[in-house]
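# The following comprises the amino acid sequence and a computationally predicted model.
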Amino acid sequence: MFDANKNKLAEKIAKIQFVVHDISLYLNTHTQDAQAIKHYEFYFNKLEELRKEYERLYGPKRAIREGTWTWIEGPWPWERECNEE
């Protein structure tokens, strides 16, 4: 069943996620930019509000996986056995 309100809210979340990610990339190289930090905090808080609203109305947006992730069982690229031939 198509729910226009659900899709609108999901679209808002996606747009704000993009903004938050974009500002965080900028802040990686401009750590002292006070205006950018204010923008980041504003949009991060807005994103959290939208996520909470979505979950309240429609349930979790992100998939929850039980069990372990196989990639974490190593070896990691920087571990010695991974680099030996």
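Happy to help now that I have it. Numbering: from 1, shown residues only.
# Might you list the low-confidence residue ranges for the protein?
1-2, 62-85 (pLDDT under 70).
# Which stretches in it count as helices?
4-29, 34-58, 80-83 (DSSP state H).
# Return the distance of Val19 relative to Pro60.
Noted for Val19: a distance of 22 Å to Pro60, by CB to CB, to the nearest Å. Yep, even glycine has a C-beta here, placed from its N, CA and C like the rest.
# okay, those two: which has more neighbours?
Higher neighbour count among Val19 and Pro60: Val19, with 16 against 9, using other CB atoms under 10 Å.
# Report the buried residues of stretch 40-60.
By neighbour count with 16 or more other CB atoms under 10 Å, stretch 40-60 contains the buried residues 40, 43, 47, 50-51, 54.
# Hmm, Lys61 is touching Lys52, no?
No - with contact defined as CB atoms under 8 Å, Lys61 does not count as touching Lys52 (10.5 Å).
# what's the overlap in contacts for the two?
Contact criterion CB atoms under 8 Å, 6 or more residues apart in numbering; residues shared by Lys61 and Lys52: none found.
# OK, contacts around Asn7?
Contacts of Asn7 (CB under 8 Å, 6+ apart): none.
# Kindly report the same for Ser24.
Tyr40.
# What of Gln17?
Leu47 are the contacts of Gln17 under CB under 8 Å, 6+ apart.
# repeat that with 10 Å
Residues in contact with Gln17, defined by CB atoms under 10 Å, 6 or more residues apart in numbering, are 43, 47, 50-51.
# In JSON lines: the residues you listed, plus distance to Lys12.
JSON lines is the format used below for the contacts of Gln17 (distance: CB to CB, whole Å):
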{"residue": "Tyr43", "distance to Lys12": "11"}
{"residue": "Leu47", "distance to Lys12": "9"}
{"residue": "Leu50", "distance to Lys12": "6"}
{"residue": "Arg51", "distance to Lys12": "10"}
